[in-house]
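In: I'll drop the sequence and a predicted model, then ask my questions.
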Amino acid sequence: MDQVTSYAQQFQNLVVLYLPRVLMAALALVVGWWLISWVTRLLAKGTKRFDVSLSTFLTSLANIVLKVLLLVSVAGMVGFETTSFVAILGAAGLAVGLALQGTLANFAGGVLILIFKPYIVGDTIESQGKSGEVREIQIFNTILVTPQGDTIILPNGATSNNVIVNKTAQNKALVEVLADVDNSTSLDNLRSWAVPLMQADEQVMEEPAPQVVVTALKPGGMTVAFRAYTQAGQNAPAQARLIEKLQRALAQQGVASPVPVTHSYVRALPE
């Protein structure tokens, strides 16, 4: 009987000691869980101006981190020793960070790209020796599609730390057609019909105006560049169409090709 009384007394002491802690921990858990949900919703609204993928990722990451911190704090309020648990979490986080440092670099690069927008979906870019149209900007990678139908996956970490050539940011693209003509060709006459021909194309922009310029001199001839600007994304079909039109016009105008120059050498025979 005395032993039962002793156990009852110990149980009563434990209840008196831990019940307030448990109640406070439960209250903190409920209130904290509600606050985390409120902060998560607030963060989701605040990141709406960012990319959808980035907004979702940041919201989920903040939600998980805050809930882990809340559970650790509640465990400490109840009386559990959390020092070793925090140390284990820290060591695990360090190990994961070292193992995924490349992935974390890609994540950081993706965040920078989505926030500062050096390019957006639909732009044509060149980076790391690859070029194509941006089809998708993910958290870790950027997806490009080439005119040949190839899919290129660029890691965001390397992309954000390298030179990026955005070929559509100015919403215009240069179309250039090169032709070798004879030295006797009159440039003024060439411009008189070539410039209106390019201006008549429906995809050629009025400003900047089309140009005909000499880009190189060769023996017996010169290289002439027919230049015009189109809207971004229209340069490939416009160039194919202008090549055909200019080829026909050059033939109709009787513009000659360079005449090959041959050199004769006379060697004196010894007497």
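Out: Sure, I can see it.
In: If I look at residue 11, what pLDDT would I see?
Out: Listed pLDDT for residue 11 reads 53.
In: do residue 267 as well
Out: Looking at residue 267, the pLDDT reads 50.
In: Could you do residue 38 as well?
Out: If you check residue 38, the pLDDT there is 89.
In: cool, residue 19 as well?
Out: Confidence score, pLDDT, at residue 19: 65.
In: can you check residue 263 too?
Out: We have a pLDDT of 48 for residue 263.
In: Quick one: neighbours of residue 47, just the number.
Out: Residues within reach of residue 47, counting by other CB atoms under 10 Å, total 19. Where you see a C-beta, it was placed from the backbone N, CA and C, and this is true even at glycine.
In: right, I mislabeled it, should have said residue 168
Out: Residue 168 has 19 neighbours, counted by other CB under 10 Å.
In: Report the separation between it and residue 235.
Out: 10 Å (CB to CB, to the nearest Å).
In: where do the helices sit along this structure?
Out: 2-46, 52-78, 83-99, 101-116, 156-160, 187-199, 235-252 (DSSP state H).
In: JSON lines for these, including mean neighbour count and distance to residue 229?
Out: Shown next, in JSON lines, are the helices of the chain (neighbours: other CB atoms under 10 Å; distance: least, CB to CB, whole Å):
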{"stretch": "helix 2-46", "mean neighbour count": "12", "distance to residue 229": "40"}
{"stretch": "helix 52-78", "mean neighbour count": "15", "distance to residue 229": "34"}
{"stretch": "helix 83-99", "mean neighbour count": "11", "distance to residue 229": "48"}
{"stretch": "helix 101-116", "mean neighbour count": "17", "distance to residue 229": "27"}
{"stretch": "helix 156-160", "mean neighbour count": "21", "distance to residue 229": "27"}
{"stretch": "helix 187-199", "mean neighbour count": "15", "distance to residue 229": "10"}
{"stretch": "helix 235-252", "mean neighbour count": "15", "distance to residue 229": "9"}
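In: In terms of mean pLDDT, which of those ranks lowest?
Out: helix 83-99 (a mean of 65).
In: ok, the closest residue in space to residue 206 that isn't next to it in sequence - contacts?
Out: Once flanking residues are discounted, residue 206 sits nearest to residue 199: 7.2 Å by CB to CB, 6 or more residues apart in numbering. When contacts are counted by CB atoms under 8 Å, 6 or more residues apart in numbering, residue 199 touches 206, 209, 210, 228.
In: go on, residue 36?
Out: 63, 66, 67, 70.
In: Quick one: those residues as TSV, columns for distance to residue 254 too.
Out: Below are the contacts of residue 36 laid out as TSV (distance: CB to CB, whole Å):
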residue	distance to residue 254
63	75
66	79
67	80
70	85
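In: Now for those residues: which two are most distant?
Out: With CB to CB as the measure, no two of these lie farther apart than 63 and 70, at 10.7 Å.
In: picking up where we left off before, and the furthest pair within the contacts of residue 199?
Out: 206 and 228 (10.1 Å).
In: of the two, who's got more company?
Out: residue 228 (27 against 8).
In: Now do that one, the pLDDT please.
Out: On the pLDDT scale, residue 228 is placed at 91.
In: surely it meets residue 201?
Out: Yes: between residue 228 and residue 201 there is a contact under CB atoms under 8 Å: 7.3 Å.
In: Overlap of the contact sets of these two?
Out: Counting by CB under 8 Å, 6+ apart, the contacts common to residue 228 and residue 201 are 238, 242.
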